[in-house]
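S.K.: build me a model:
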Amino acid sequence: MTAGDGTRPAGLGHSWASGAGRVVDGRPHQGADRGGATVCLLAVGMVLVLVGLFGAGLGAARHARHQARNAADFGALAGAGRAVEGAEVACGRAAELAGANGGRLTACRLDGLDVVVTTEVRVAPLPWLARAATATSRAGPARG
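M.R.: Model (predicted):
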C-alpha cells in the first residue's frame, strides 16, 4: 500500500504529492500558504474599526447639533419672556438657560419684541477632531 520510498501512501493523487501536510526533515511542510488569510483578516478588522469610529463621530456630531438647537430654543424662549425689560435682561436670561442646557450663548439681539439667540456646543468625537455645533433660534410674542 505504500510507495517504494515510504513517504506517502500509494494511490493518492496530486494533492498529496504537492507537499501540503507532509512532514519533511522532522518539520511540518506548509506548502504555498504563507499567512495570507491572516493579513486579510487583519485588513477586514481594521476596516470595521474605522467604520465604528466614523459612526461614533457621526453620532457625537448629531448629538451636539441637537443639544445646540435645544439650548438656542430654550434660551430664546426665556429671553422672549423678558424682552420688555430690555436687551441686557433678555439676553442675560437667555444665556442662563442656554448654559443650563449645555450650550454657550455666542450671540443675542432684540428684534422688536423678538429675541434672536445663537448658541454653540463643542464636540470632540476624536481627540484631534474638535468642532463646534451652532444653532440659532428666534422667539417672541404670537402674531395673529
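
S.K.: where does the chain dip in pLDDT?
M.R.: 1-24, 26, 28-33 (pLDDT under 70).

S.K.: so in this protein, which helix runs the longest?
M.R.: helix 36-81 (DSSP state H).

S.K.: can you name every helix or strand that that helix contacts?
M.R.: helix 87-100, strand 104-111, strand 114-126, strand 129-139 (3 or more Cβ pairs under 8 Å, 6 or more residues apart in numbering; DSSP states H and E). Heads up, the C-betas are built off the backbone N, CA and C, glycines and all.

S.K.: between that helix and strand 114-126, how many degrees?
M.R.: Calculated by axes from the mean of the first three to the mean of the last three Cα atoms, to 10 degrees, helix 36-81 forms an angle of 160 degrees with strand 114-126.

S.K.: could you measure Gly144 against Ala68, distance?
M.R.: Distance of Gly144 to Ala68, given as Cβ to Cβ, to the nearest Å: 30 Å.

S.K.: the more surrounded of these two?
M.R.: Ala68 (28 against 3; other Cβ atoms under 10 Å).

S.K.: which residues touch the more buried one?
M.R.: Gly103, Thr119, Glu120, Val121, Ala133, Thr134, Ala135 (Cβ atoms under 8 Å, 6 or more residues apart in numbering).

S.K.: how close does it sit to Leu48?
M.R.: In terms of Cβ to Cβ, Ala68 sits 31 Å off from Leu48.
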